[in-house]
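A.B. asks: sequence first, predicted model second:
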Amino acid sequence: MREILDPYWGSNLKNQVICIFKYDDGKLLTASVTQTDEGNPDWAEIFEKYSIEEIDANTAKKRQTHESNRVKRQMDQQRDIEMRKREALFMAKSDAFEMELVRTSKNTTLKSKLRKATSPMEVTVIAAMISLENYNEQIANESVNDGTSSDIPTQ
């Protein structure tokens, strides 16, 4: 023996019903049932137990659940993308501040801008600016300490 559970339309033409057959041993089987020219006893049994209105209501509920799940998956994917972007930005900033030329720079204004950067590209540009400025300062200081003159371009 078996019980027919949760029937809903499998097509907009209402010529196919998806349902669950629950058997006495507890096994569940999802089945697609259609009417045949010879007559399908499963089809007849479904409509003995359920009305078209009940099947319509189950179908609407399934569609609503499906849409809710789709929206939830989409929101989860968007949240994951945003999390990965924040993680990449954090790692870019962390890597930039580990660079010796950035770490040893005394330019607090640019370092502050680096901390506030909103994209990995912005981090890269600002870190390059800090590095270049600090490198030029180090070269200039070495030249002064050596007593030599140096025409180092600042750009």
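C.D. replies: In hand now; what should we look at? Numbers count the residues shown, from 1 in each chain.
A.B. asks: report the buried residues of stretch 122-141.
C.D. replies: Going by neighbour count (16 or more other Cβ atoms under 10 Å), the buried part of stretch 122-141 is Glu122, Val123, Ile126, Ala127, Met129, Ile130, Ser131, Glu133, Asn134, Glu137. The way it works is simple: take the backbone N, C-alpha and C, and place the C-beta from them, glycine included.
A.B. asks: no no, stretch 2-15
C.D. replies: Buried-residue list, stretch 2-15, by 16+ other Cβ under 10 Å: Arg2, Ile4, Pro7, Tyr8, Trp9, Gly10.
A.B. asks: show me where this protein has its helices.
C.D. replies: 41-49, 52-98, 100-103, 108-116, 120-146 (DSSP state H).
A.B. asks: low-confidence stretches in the chain?
C.D. replies: Where the chain drops to pLDDT under 70, the residues are 147-155.
A.B. asks: in a markdown table, list the buried residues of stretch 122-141 along with distance to Gln77.
C.D. replies: Listed next are these as a markdown table, based on distance: Cβ to Cβ, whole Å:
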| residue | distance to Gln77 |
| --- | --- |
| Glu122 | 25 |
| Val123 | 25 |
| Ile126 | 30 |
| Ala127 | 31 |
| Met129 | 35 |
| Ile130 | 36 |
| Ser131 | 36 |
| Glu133 | 41 |
| Asn134 | 41 |
| Glu137 | 46 |
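A.B. asks: what's the domain layout of this protein?
C.D. replies: 2-75, 85-146 (automatic domain parsing).
A.B. asks: which residues does Thr36 contact?
C.D. replies: Trp43 (Cβ atoms under 8 Å, 6 or more residues apart in numbering).
A.B. asks: from Trp9, how far out is it?
C.D. replies: 17 Å (Cβ to Cβ, to the nearest Å).
A.B. asks: thanks a lot, catch you later.
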